[in-house]
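A structural model of the following input is requested.
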Amino acid sequence: MQLFKNRRAKVFFRDGYVCQAHRVGLPRCGYRAPPGTHKGLTTHHLVEGSERIDDQLTLCSPCHKVVNRKEVDDRRKEERREEARACQS
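Modelled structure (predicted):
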């Protein structure tokens, strides 16, 4: 059984130290951390605030920035839609 120091290490191990961008709608980037490291990788929370391992996945830093930017843009679009609905009422 593999021992881990923290949740991030468990997520990296589970995902094979490979960026999982394809699981969040981006093209498969294929970045793999150098053997024995997690250099260039981060964990992304699929469910905001959740610390469950099943709610996280491994992304490389560039893909993580893209995903976060997309999520912020999506939230802003939804806020504008809600404001427009409120004005129509």
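
Tell me which other helices or strands the longest helix along the chain touches.
Ranked by number of residues, the top helix in the chain under DSSP state H is helix 61-88. Contact here means 3 or more Cβ pairs under 8 Å, 6 or more residues apart in numbering; DSSP states H and E; on that basis helix 61-88 packs against strand 41-45. Where C-beta positions appear, they are placed from N, C-alpha and C, glycine not excepted.

From Val67, how far out is Leu46?
Separation of Leu46 from Val67 (Cβ to Cβ, to the nearest Å): 10 Å.

who touches both of the two?
Shared contacts of Leu46 and Val67, defined by Cβ atoms under 8 Å, 6 or more residues apart in numbering, comprise Val24.

Give me the more crowded residue out of those two.
Per other Cβ atoms under 10 Å, whichever of Leu46 and Val67 has more neighbours is Val67, with 18 against 14.

what ranges of this structure fall below the confidence cut-off?
Applying pLDDT under 70 to the chain picks out residues 1-4.

Which residue lies nearest the spatial centre of it?
By Cα atoms, centre = their mean, the chain has its centre lying nearest to His44, at 2.8 Å.

partners of the spatially closest residue to that one that is not a sequence neighbour in the sheet?
Among residues not flanking His44 along the chain, Leu59 sits closest, at 4.7 Å (Cβ to Cβ, 6 or more residues apart in numbering). Residues in a beta bridge with Leu59, per DSSP bridges, are Thr42.

Tyr17 is in contact with Leu59, correct?
No. Using Cβ atoms under 8 Å, Leu59 makes no contact with Tyr17, being 11.7 Å away.

Spell out the secondary structure type for Asp54.
helix (DSSP: H, G, I helix; E, B strand; the rest coil).

and it, how many neighbours?
By other Cβ under 10 Å, neighbour count at Asp54 equals 10.

I'd like the distance between it and Leu46.
8 Å.

returning to what we had before: residue contacts, the residue nearest to the centre of the chain?
When contacts are counted by Cβ under 8 Å, 6+ apart, His44 touches 24, 56-59, 64, 67-68.

Now a PyMOL select for only the buried ones of those.
Buried members of the contacts of His44, defined by 16 or more other Cβ atoms under 10 Å, are picked up in PyMOL with:
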select buried, resi 24+56+57+58+59+64+67
